[in-house]
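Engineer: take a look and give me a structure for this.
(one chain, ligands or ions: 2)
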Amino acid sequence: MRILKPAECWTPKLRVRSFGNNNMAALCKGARRFKRIIFCHSLVRGFSGKYEYDIVVIGGGSGGLACAKEAAQYGKKVAVLDYVDPSPKGTKWGLGGTCVNVGCIPKKLMHQSALLGGALKDAAKYGWNVPHQPSHCWATMSLAVQNYVKSLNWGHRVQLQDRKVKYFNLKGQLTDGHTVIGTNKSGKETVLTTQDIVIATGSRPKYPVHVPGAVEHGISSDDIFWMKESPGKTLVVGASYVGLECAGFLTGIGLDVTVLVRSLALRGFDQQMAGLVTEHMDSHGTKFLWRRVPRKVEKLPSGSLQVTWVETSSDREEQDTFDTVLWAVGRAPVTRALNLDAAGVKLDEDTGKIIVSANEETSVPHVFAMGDVAKGRPELTPPSIRAGRLLARRLAGVSTEIMDYDNVPTTVFTPLEYSCVGLSEAEARRLYREGGIEVYHAFYKPLEFAVAQRDSSQCYIKAVCLRDGDQRILGLHFTGPNAGEVMQGFALGVRCGATYSHLMNTVGIHPTCAEELTKLHISKRSGLDATVTGC
Ligand code: FAD
Ligand code: NDP
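Structural biologist: Ligands and ions are numbered 1, 2, ... in the order given. The predicted model follows:
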């Protein structure tokens, strides 16, 4: 073992790290096995603590960064390891995780690009002199989106530096509840010891590996936002959040898009609302092939992709050719490289996610997991961020508050957006029986649609309430423009236990779509026409 001189110790090139005295023996044993250069931190920096860090966070995405920054605010010595394995197509990106690089942010911006196409059509009706057939340039859009994402990558690095969080572009793995080994892209290792470890390694897209040609010829959401050229005629396989959102903006910018649906759309969401979303997409050009599963993807000499699929009820094979096949068949938690077995961290057999308690603790003391990689957590950015912050406060000893994952609102950014909070109608019926709930609903017409002569058949609102007592609201559902903006405030009400009469006593803001929520007076049970007429 070579003991480094103090000046050498903090040279990043050396990629060596320190150990507290107490677990030195164990670590030296491990180090011999891995043939690493080790030095004793306490010898060279006069470090008095047991470990080099208070918290090491593995994963610099929504949850991990939030946790690291918050803990540093409370004076904790924190390191973050973030490492992106390129997609099978070779796409890679910077610091910030899924949301920033290959999720919410580029998705919302491309959704906006598509919405602007619709606005251009409206604009002519509102008096603007718009070219008869405005055209869209993928390269311009994607460059603008990618540059913005890169600015966010940079912003995260600066924020970590400002808060004195040590950032390592290393792939982390655990050896025990207090030791993380980080490996860089050349295979060099750095050992970090820490009081607590937070795993926030997120999830990555799945590929249907049993489908020949799927990985070789297909792409995923990890690639679509970084493509320099238009994907062209696209087959989207999968009809949940990712599939429908991507199909929606691709159609919106003028591409020929088909969605292959295995069973139903937006599983887990209120199915009446899901039906409105797909009906709207269908009437605006997205093609849906229901109850089909992919069988193979072949590359033709022309470069096109020939996809074969099966109609599940008849087992009949069908084919078509596409420029791009986008797999949106779900996501898998990122745990393989973490060496969790050896560290004793338990995974859920069905989902492969890390089993956590209400306070995000895993089966190993001092090891926590949160965000997409943790079992039972919503795979969404805001809950990951909030869970990360609350965990940091608990680890810093300034709070005991745990994350409440109930009533997390969400939005599906399809061309007609759908936002909701709380229970679906079916879940409410299951929990409170048929007679236990009252559903108020309305089909409304956004004012902006009127002059533009847009079809508003799928603009719909539904409040699922308890039938008895003060009719507490169990779930709110909204399709229409700016659905997320509408739902955010109402989610506060639901969180605070809002009732139907609270909703009715809320004075609307006129003329808005959101005010329609405050005017819901037709119950489904009444059978009356729920179409809103007049103001
Ligand atoms: P991530 O953000 O995925 O971060 C994990 C990080 O850890 C990654 O950078 C990863 O490379 C890194 N990592 C993995 N293993 C290691 C390792 N061993 N060592 C070091 N680093 C490692 N949510 C919303 O709320 N709204 C949306 O509109 C929305 N849109 C989405 C659209 C798409 C296309 C997708 C795919 C997701 C979307 N989501 C959305 C979900 C949201 O992006 C995720 O829920 C969120 O990013 C999860 O945060 P996380 O911190 O758990 O993980
Ligand atoms: P999901 O697991 O929600 O959906 C996967 C889809 O793929 C389903 O439609 C499923 O069909 C289908 N599918 C799965 N396997 C196959 C197969 N072998 N062949 C054909 N179809 C298949 O995954 P997503 O990737 O859409 O979303 C993951 C998470 O990301 C979501 O839970 C969400 O939390 C988050 N997210 C959030 C967004 C937002 O907030 N706006 C946007 C995007 C993602 P079936 O129903 O039959 O199983």
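
Engineer: residues from the chain in reach of ligand 2?
Structural biologist: 208, 237-243, 245, 262-264, 267, 293-294, 328-331, 379-380, 410-413 (Cβ under 6 Å from any ligand atom). C-beta coordinates here come from the backbone N, C-alpha and C atoms, glycine included.

Engineer: of those residues, which belong to helices?
Structural biologist: Judged by DSSP state H, the subset of the residues of the chain next to ligand 2 located in helices is 241-243, 245.

Engineer: narrow these to just the buried residues.
Structural biologist: Buried by 16 or more other Cβ atoms under 10 Å: 241-243, 245, out of those.

Engineer: distance to residue 505 and pLDDT added to those, as JSON lines?
Structural biologist: Compiled in JSON lines, these are given as follows (distance: Cβ to Cβ, whole Å; pLDDT from 0 to 100):
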{"residue": "241", "distance to residue 505": "34", "pLDDT": "96"}
{"residue": "242", "distance to residue 505": "39", "pLDDT": "98"}
{"residue": "243", "distance to residue 505": "40", "pLDDT": "98"}
{"residue": "245", "distance to residue 505": "35", "pLDDT": "98"}
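
Engineer: out of the ones in helices among the residues of the chain next to ligand 2, who's nearest ligand 1?
Structural biologist: residue 242 (4.7 Å; Cβ to the nearest ligand atom).

Engineer: which residues sit in contact with that closest one?
Structural biologist: If you count contacts by Cβ atoms under 8 Å, 6 or more residues apart in numbering, residue 242 has them with 205, 221, 328, 331.

Engineer: re earlier: the buried ones among the ones in helices among the residues of the chain next to ligand 2 also near ligand 1: which ones?
Structural biologist: residue 242.

Engineer: using a markdown table, lay out the buried ones among the ones in helices among the residues of the chain next to ligand 2 together with distance to residue 300.
Structural biologist: Below are these laid out as a markdown table (distance: Cβ to Cβ, whole Å):
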| residue | distance to residue 300 |
| --- | --- |
| 241 | 31 |
| 242 | 27 |
| 243 | 24 |
| 245 | 29 |
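
Engineer: does the helix of greatest length in the chain reach ligand 1?
Structural biologist: With secondary structure taken from DSSP H, the chain has its longest helix at helix 138-162. No: against ligand 1, helix 138-162 shows no contacts by Cβ under 6 Å from any ligand atom, the least distance being 10.3 Å.

Engineer: which elements pack onto that helix?
Structural biologist: Contacts defined by 3 or more Cβ pairs under 8 Å, 6 or more residues apart in numbering; DSSP states H and E place helix 138-162 against helix 62-73, helix 97-102, helix 104-125, strand 166-168.

Engineer: do that again at 10 Å, thanks
Structural biologist: Using 3 or more Cβ pairs under 10 Å, 6 or more residues apart in numbering; DSSP states H and E as the contact test, the elements touching helix 138-162 are helix 62-73, strand 78-81, helix 97-102, helix 104-125, strand 166-168.

Engineer: so which of these is nearest residue 323?
Structural biologist: Nearest of the helices and strands packed on helix 138-162 to residue 323, taken as Cβ to Cβ: helix 104-125 at 17.1 Å.

Engineer: report the buried residues of that closest one.
Structural biologist: Neighbour-count burial for helix 104-125 [16+ other Cβ under 10 Å]: 104-111, 113-115, 117, 122.

Engineer: now swap in stretch 460-472 and tell me
Structural biologist: Those would be 460-467, 471, for stretch 460-472 by 16+ other Cβ under 10 Å.

Engineer: follow-up on the earlier one: okay if I get the helices and strands packed on helix 138-162 as JSON lines plus mean pLDDT?
Structural biologist: Putting these into JSON lines (pLDDT from 0 to 100) gives the following:
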{"stretch": "helix 62-73", "mean pLDDT": "98"}
{"stretch": "strand 78-81", "mean pLDDT": "98"}
{"stretch": "helix 97-102", "mean pLDDT": "98"}
{"stretch": "helix 104-125", "mean pLDDT": "97"}
{"stretch": "strand 166-168", "mean pLDDT": "98"}
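
Engineer: now these in CSV, with distance to residue 372?
Structural biologist: Shown next, in CSV, are these (distance: least, Cβ to Cβ, whole Å):
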stretch, distance to residue 372
helix 62-73, 8
strand 78-81, 17
helix 97-102, 7
helix 104-125, 12
strand 166-168, 21
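
Engineer: quick one, which of these gets closest to residue 452.
Structural biologist: Closest among these, using Cβ to Cβ: helix 104-125, at 3.9 Å.

Engineer: okay, the angle between the closest one and helix 62-73?
Structural biologist: Counting by axes from the mean of the first three to the mean of the last three Cα atoms, to 10 degrees, helix 104-125 points 120 degrees away from the direction of helix 62-73.

Engineer: remind me what helix 104-125 packs against, helices and strands.
Structural biologist: Short answer (3+ Cβ pairs under 10 Å, 6+ apart): helix 104-125 packs on helix 97-102, helix 138-162, helix 221-224, helix 241-252, helix 381-395, helix 447-452.

Engineer: send me it as CSV with only the CA atoms.
Structural biologist: Output in CSV follows, covering the C-alpha atoms of helix 104-125 (Å, rounded to 0.1, in the frame of the first residue of the first chain):
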residue,chain,number,x,y,z
CYS,A,104,-39.9,15.9,-18.6
ILE,A,105,-37.9,18.8,-20.0
PRO,A,106,-37.2,17.8,-23.6
LYS,A,107,-40.6,16.1,-23.7
LYS,A,108,-42.5,19.3,-22.6
LEU,A,109,-40.5,21.4,-25.0
MET,A,110,-41.3,19.2,-27.9
HIS,A,111,-44.9,19.0,-26.8
GLN,A,112,-44.8,22.8,-26.9
SER,A,113,-43.4,22.8,-30.4
ALA,A,114,-46.3,20.6,-31.4
LEU,A,115,-48.9,22.8,-29.7
LEU,A,116,-47.5,25.8,-31.5
GLY,A,117,-48.3,24.0,-34.8
GLY,A,118,-51.9,23.9,-33.6
ALA,A,119,-51.7,27.6,-32.5
LEU,A,120,-50.5,28.5,-36.0
LYS,A,121,-53.7,27.0,-37.4
ASP,A,122,-55.8,28.9,-34.9
ALA,A,123,-53.8,32.1,-35.6
ALA,A,124,-55.2,32.3,-39.1
LYS,A,125,-58.7,32.3,-37.7
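
Engineer: quick one: is that helix near ligand 1?
Structural biologist: Yes: counting by Cβ under 6 Å from any ligand atom, ligand 1 has neighbours in helix 104-125: 104, 107.

Engineer: thinking again about what came up before, export the helices and strands packed on helix 104-125 to CSV and tack on distance to residue 498?
Structural biologist: Shown next, in CSV, are the helices and strands packed on helix 104-125 (distance: least, Cβ to Cβ, whole Å):
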stretch, distance to residue 498
helix 97-102, 29
helix 138-162, 34
helix 221-224, 35
helix 241-252, 26
helix 381-395, 20
helix 447-452, 25
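
Engineer: mind listing what residue 177 touches?
Structural biologist: 194-197, 343-345, 362, 364-367 (Cβ atoms under 10 Å, 6 or more residues apart in numbering).

Engineer: closest to ligand 1 out of the residues you listed?
Structural biologist: Among the contacts of residue 177, and counting by Cβ to the nearest ligand atom, the member closest to ligand 1 is residue 197, at 11.4 Å.

Engineer: would that closest one count as being in a strand?
Structural biologist: Yes: membership of residue 197 in a strand is supported by DSSP: H, G, I helix; E, B strand; the rest coil.

Engineer: so who does it touch?
Structural biologist: Contacts of residue 197 by Cβ under 10 Å, 6+ apart are 53, 55-58, 172, 174, 176-180, 338, 343, 345, 362, 364, 366-369.

Engineer: how near is the residue nearest to residue 291 when sequence neighbours are not counted to residue 244?
Structural biologist: Computed as Cβ to Cβ, 6 or more residues apart in numbering, the closest residue to residue 291 that is not its neighbour in sequence is residue 312, at 4.7 Å. Using Cβ to Cβ, to the nearest Å, we find residue 312 at a distance of 20 Å from residue 244.
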